[in-house]
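Undergrad: Fold the following and give me the result.
(one chain, ligands or ions: 2)
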Amino acid sequence: MGDGSYMFANPVACHQIAEALGISMLVIVLNNSEWGAVRQSVLDIYPDGHASRANAMPLTDLSPSPNFVKVAEASRAFARHARDVAGFREALSDALAHIDAKKGLALIEVAVGKS
Ligand SMILES: Cc1ncc(C[n+]2csc(CCOP(=O)(O)OP(=O)(O)O)c2C)c(N)n1
Ligand SMILES: [Mg+2]
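TA: Ligands and ions are numbered 1, 2, ... in the order given. This is a model prediction of the structure:
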């Protein structure tokens, strides 16, 4: 899911339930520090509007990004940042091992660029 979607989903409550009920699942957060879908929609509807000329489009930027790894760690979940392909491969392998062992939630935050 995207970083905005992760925040919409009330992650503190979701992580608490995952830990309380022992739910093993993998959450991958694609973090581009924005509501990219909203920015694209604004550009589709108003391609020459004020927002299209702004360096930072109003109400779509989500930086500074919260540290999602720490949010997951607050509920003692497995959590890693992945900043490149090699880092993601390692984090994914470790996360899947964690889930296979039925140790609860695993979260990987992946830094991605704006599209
Ligand atoms: C609760 C809720 N609020 C607002 C929206 C409208 N909405 C749809 S996509 C989106 C942005 C999603 O951002 P993100 O998850 O970071 O994905 P990105 O487009 O950046 O890849 C928003 C605000 C929604 N779907 N649900
Ligand atoms: Mg986003």
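Undergrad: Residue 27: what secondary structure?
TA: strand (DSSP: H, G, I helix; E, B strand; the rest coil).
Undergrad: List the contacts of the nearest residue to it once chain neighbours are set aside.
TA: What sits nearest to residue 27 in space, not counting adjacent residues and going by Cβ to Cβ, 6 or more residues apart in numbering, is residue 107, at 4.5 Å. C-beta coordinates here come from the backbone N, C-alpha and C atoms, glycine included. With contact set as Cβ atoms under 8 Å, 6 or more residues apart in numbering, residue 107 has these partners: 26-29, 68-69, 72, 77-80, 95.
Undergrad: Relative to ligand 1, how far out is residue 107?
TA: Using Cβ to the nearest ligand atom, to the nearest Å, one gets 15 Å for the distance from residue 107 to ligand 1.
Undergrad: who does that residue bridge with?
TA: When assigned by DSSP bridges, residue 107 has beta-bridge partners residue 27, residue 79.
Undergrad: State the pLDDT value of it.
TA: pLDDT recorded at residue 107 is 98.
Undergrad: Next up, the contacts around the residue in the chain that ligand 1 sits nearest to.
TA: The chain approaches ligand 1 most closely through residue 2 (2.2 Å), counting by Cβ to the nearest ligand atom. Taking Cβ under 8 Å, 6+ apart, we find residue 2 in contact with 29-32, 35-37.
Undergrad: Kindly recompute the last result at 6 Å.
TA: residue 30 (Cβ atoms under 6 Å, 6 or more residues apart in numbering).
Undergrad: about what we covered before: tell me the spacing between the residue nearest to residue 27 and residue 12.
TA: 13 Å (Cβ to Cβ, to the nearest Å).
Undergrad: neighbours around residue 102, how many?
TA: Counted with other Cβ atoms under 10 Å, residues neighbouring residue 102 total 9.
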